[in-house]
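S.K.: dropping a prediction and its sequence here:
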Amino acid sequence: MNAQQLKFLSLAALCLPFLVLGGIASKETLNTISGEVWRVKITGYDPRELFYGRYMRYQINWSDYTDKKYLIDLSQNSKQSLCLIEKSNSQHPRITDAGVKSQDATQCRSVLIAGEGDKYWNKRQRKYFIPEQYANALDWAFARTNKYNFEIDIRAHDNGQLSIGSLYINGQPMREAMPALTEAYRKDQKEHDTPATASTWRIKMKNVKPVYVSDNQNCMSYELDWGYHGYNTPISVDENTPSLCFTEKETHDTLPSIPSVSLKTTETEDQCESIADPFGWGSDNWNTNHHTFCRSRERGKFMLNLVVTQNDNFWASVKVHNNGTLHTQNVFIGEEFLHKLYSRRNQ
Amino acid sequence: MGLKRKLKKWEDAALLSNDQAEEILRHEKQGTGKTYFRGLVGLALLIIFGGAAMIIESNWAAIPGNIKIITHFAINAIVAYVMYTGQQTNHFWKREGAAFILAGLNVTLIALIGQVFQLNGSVEGLLLLWLLITTPFIFIFGLSRMNAILWTLGFIITCALNLNDLIDKLDFLNDAEKLSLYTFLGVAIPALLLIGGINQKLQIYRQEWQQSYLFSGAAIIIAIGLFTSLSWYDQRLLNEYDELKWFPAFNAVFWSAFFFGVRQITESTYYKALLLMASLTMLFLLVVCIPGRPESDLMSTVHFVIYAGLIGYFAVPLALPALITVSILLITIRLFIFYLEVTNNMAQMGVGMLVSGIVLLIGLKLSLKINKTLKAKLFGEGAKS
């Protein structure tokens, strides 16, 4: 190889990364200014990646935009194309049809096709990269679906693919929403860090069922019977789920009080002795459908025996924290602690 | 003890002449000065980069995405220019350092583009793109060991992360066929590195790359050989191949024959030894195919110890005495693990640790002895004293 050839090869090798990465960046820049913009709701959680940094793992709630939930296959394996038309005065789309063919698509404002990869609507788990300094506050807010509504812009292109645009929190662009959100996060953390002013209540349990875990570990699953305490609305996990207000109904000298539970409103807030919030994630919320309570070895077996013989007599000692979370500390059978019953049996 | 005093001592013992001692001192003085100077320049650059990185980091979220990307491209261009001029002026460190930095900057630029445009990229995709765009320039500009190791590591990690993913996408293959392809290509990667490493042209034009290929290829082959011993813990492994139960045997024999065949047409005794070791290692893969093979801690240990012994044996033809130490260390550790597997209380474990420690000391003593004999054999009688 002569010097001229080497020089040519060196320059070509040098230019390759610039051409490839420049090409990708240009194409993606074009994508951000072309196509029809739609705004869609998202839900998810927030992990971290080694190279790319913090991101939110989310999925687009397509089902919120159609009345034909049962006709449209919204799964990852869907082969259908979606027809999007605009809702009046809104950037939110309305999905009118699925399985549209390109020649029938004239009534659609945008058509999104299914496929494998992030450019297709049927991709379930997506990532949205977020700045490191906002990550903790966003992580906190993302889990509070009743307070914070997350949306993203998508751009629907002529080829049926989509690209992802800006993130919105309660309708505000992320950058504008962040100062208030960060402040709310800090306030919450401060409350969280202050010594707990939790109150303990005795709550009736229902649907108590044995759950086999291992030879050494026995658990039971149960629900908290809010209806027994006066709150009869079915449990939901969405932005409309309210917080619950606890007031004392029945006191006892040695046991926690039984509360009266009602909907928390701005009028009743001051009278509440405890407030339980519905954060939508994890098991520390009043609206969690199924809780579990486990005990190991002989104590666990004893507990499961009682599940069979005294199923209707289970009560939970529930600690409601000042940050709105709650957790079951212990279990009563009638008015007797589970562990005391167990000790007595062994005497 | 200072160098001056050491030289004086050697001079008194008639190991060095006065001229030689002075020459060594002069040489070291020059070298030390340069090293300190380079070290301080490096430290200053590190502080500057650190400061710049902190300023950028503190305002990162406030910087618009396109500005970040354009700035990154500009930095890459500057480094590429330095690398190119380094090559034209034959400035070794300018060229090598810039090639190393540019390779790293390519990773961060790909990640940045993915971040800004929300491309949902995976780590394996990032590395694959990095390898494709970085290989040509790093091969042309990077002659040093530093760059050779960087590329080889990048290549191995990219292959490891992407292989499963790429094979999984071949929808026309069933699970057994995918597993077969995976195990076949799993050996093909170190084979490729070894064949690259014994290539004459590479040896002439890119000696550091050749060394890096040989070392990493051999290391993976040895890792495969040691890892195969774990097959003794699962007798159902062969069932995973379903209707292709013949494949593991074919895979082992094919690669063994391949390495042996290449060995036959290679002239260098060093490469012959290396290829023989690879060929024998492949035969250890046959363990998966033994019919009615029991699940056995003992057999796994025996397999491991025999293979580690084989590595030690190749210390002589490969002229690598350190392999004996490695071999003895591996055997001791494996024996200790076996002891832990068969015992379960603290007292027995304590005895096991005592015995293992003694075995290790005896082994190391033995390895020192073998090392001396080996060096004498390799480098002549003088090395024995």
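M.R.: Happy to help now that I have it. What you see is a predicted model, and the numbers here were worked out from it, not measured in a lab. Residues are numbered from 1 along each chain as shown, chains lettered A, B, ... in the order given.

S.K.: spell out which parts of chain B neighbour chain A.
M.R.: Counting by C-beta under 8 Å from any C-beta of the partner chain, chain B comes close to chain A at B:60-61, B:66, B:69, B:73, B:76-77, B:80, B:83-84, B:87, B:102, B:106-107, B:109-111, B:113-121, B:123, B:126, B:129, B:132-134, B:136-137, B:139-141. The way it works is simple: take the backbone N, C-alpha and C, and place the C-beta from them, glycine included.

S.K.: could you pick out the buried ones from those?
M.R.: Listed as buried from the residues of chain B next to chain A are B:69, B:73, B:76, B:80, B:83-84, B:87, B:102, B:106-107, B:109-111, B:113-121, B:123, B:126, B:129, B:133-134, B:136-137, B:139-141; burial here means 16 or more other C-beta atoms under 10 Å in any protein chain shown.

S.K.: which of those residues fall in helices?
M.R.: Counting by DSSP state H, those place B:69, B:73, B:76, B:80, B:83-84, B:87, B:102, B:106-107, B:109-111, B:113-116, B:123, B:126, B:129, B:133-134, B:136-137, B:139-141 in helices.

S.K.: helices along the stretch 201-347 of chain A, start to end?
M.R.: Per DSSP state H, counting those that start in this stretch, the stretch 201-347 of chain A carries helices over the ranges A:297-309, A:338-346.

S.K.: between those helices, which one is nearest to chain B?
M.R.: helix A:297-309 (20.0 Å; C-beta to the nearest C-beta).

S.K.: other SSEs contacting the closest one?
M.R.: When contacts are defined as 3 or more C-beta pairs under 8 Å, 6 or more residues apart in numbering or on different chains; DSSP states H and E, helix A:297-309 sits against strand A:199-212, strand A:217-224, strand A:291-296, helix A:338-346.

S.K.: report the buried residues of the host helix or strand of residue A:42.
M.R.: Assigned by DSSP states H and E, residue A:42 belongs to strand A:36-45. Residues A:36, A:38, A:39, A:40, A:41, A:42, A:43, A:44 are the ones in strand A:36-45 that count as buried (16+ other C-beta under 10 Å).

S.K.: pretty sure the fifth one sits against residue A:59.
M.R.: No: using C-beta atoms under 8 Å, residue A:41 and residue A:59 do not qualify as a contacting pair, with a distance of 9.9 Å.

S.K.: what touches both of the two?
M.R.: With contacts defined as C-beta atoms under 8 Å, 6 or more residues apart in numbering or on different chains, no residue is shared by residue A:41 and residue A:59.

S.K.: quick one: contacts for residue A:245?
M.R.: Contacts of residue A:245 by C-beta under 8 Å, 6+ apart are A:261, A:262, A:263, A:264, A:265, A:268, A:269, A:271, A:272, A:274, A:275.

S.K.: how many neighbouring residues does the fourth one have?
M.R.: Taking other C-beta atoms under 10 Å in any protein chain shown as the criterion, the count of residues near residue A:264 is 19.

S.K.: got phi/psi on residue A:120?
M.R.: Note on residue A:120: backbone dihedrals following degrees, to the nearest 10 are phi -110, psi 150.

S.K.: ugh, wrong one, I meant residue A:9
M.R.: The phi and psi values for residue A:9, taken as degrees, to the nearest 10, are phi -60, psi -40.

S.K.: tell me the contacts of the residue nearest to it when sequence neighbours are not counted?
M.R.: Using C-beta to C-beta, 6 or more residues apart in numbering or on different chains and skipping the chain neighbours, the partner closest in space to residue A:9 is residue B:140 (6.3 Å). Shown in contact with residue B:140 (C-beta under 8 Å, 6+ apart): A:6, A:9, A:10, A:13.

S.K.: that older thread, show me which of the contacts of residue A:245 is closest to chain B.
M.R.: residue A:275 (33.4 Å).

S.K.: quick one: the residue nearest to residue A:9 and residue B:80, what's the gap?
M.R.: 12 Å (C-beta to C-beta, to the nearest Å).

S.K.: again with residue A:149
M.R.: 45 Å.

S.K.: burial count for whatever residue of the stretch 201-350 of chain B ends up closest to chain A?
M.R.: Among the residues of the stretch 201-350 of chain B, residue B:205 lies closest to chain A, at 9.9 Å counting by C-beta to the nearest C-beta. Residue neighbour count, defined by other C-beta under 10 Å, stands at 13 for residue B:205.

S.K.: same check on residue B:361?
M.R.: 11.

S.K.: which residue does the stretch 151-300 of chain B bring closest to chain A?
M.R.: The nearest approach of the stretch 151-300 of chain B to chain A comes at residue B:169, 8.9 Å away (C-beta to the nearest C-beta).

S.K.: next, that residue: phi, psi?
M.R.: phi -80, psi -10.

S.K.: look up how far residue B:154 lies from it.
M.R.: For residue B:169, the distance to residue B:154 - C-beta to C-beta - is 22 Å.

S.K.: and the pLDDT for the residue of the stretch 151-300 of chain B closest to chain A?
M.R.: According to the prediction, residue B:169 has pLDDT 80.

S.K.: mind showing which ranges of the stretch 201-350 of chain B have poor pLDDT?
M.R.: The model of the stretch 201-350 of chain B has pLDDT under 70 over residues B:343-349.

S.K.: what ranges do the helices span in it?
M.R.: Using DSSP H, counting those that start in this stretch, the helices of the stretch 201-350 of chain B run over residues B:207-227, B:247-264, B:269-284, B:297-313, B:322-342, B:346-379.

S.K.: SS state for residue A:123?
M.R.: The three-state assignment at residue A:123 reads coil, by DSSP: H, G, I helix; E, B strand; the rest coil.

S.K.: list the residues that contact it.
M.R.: A:76, A:117, B:120.

S.K.: A strand includes the second one, no?
M.R.: No: with three-state DSSP as the criterion, residue A:117 is coil rather than part of a strand.

S.K.: what about residue A:9, how many residues close to it?
M.R.: Neighbours of residue A:9 (other C-beta under 10 Å): 15.

S.K.: ok, back up a step: just name the closest of the contacts of residue A:123 to residue B:337, please.
M.R.: Distance to residue B:337, by C-beta to C-beta, is smallest for residue B:120 among the contacts of residue A:123, at 41.6 Å.

S.K.: neighbour count winner among residue B:169 and residue B:154?
M.R.: Neighbours were counted for residue B:169 and for residue B:154 using other C-beta under 10 Å; residue B:154 has more, 18 against 10.

S.K.: would the more buried one count as being in a helix?
M.R.: Yes: checked against three-state DSSP, residue B:154 lies within a helix.

S.K.: after the one helix or strand in chain A whose mean pLDDT sits lowest comes which helix or strand?
M.R.: Each helix and strand of chain A was given a mean pLDDT (mean pLDDT, DSSP states H and E); the minimum falls on strand A:48-49 at a mean of 55. Next helix or strand after strand A:48-49 toward the C-terminus (DSSP H and E): strand A:53-60.
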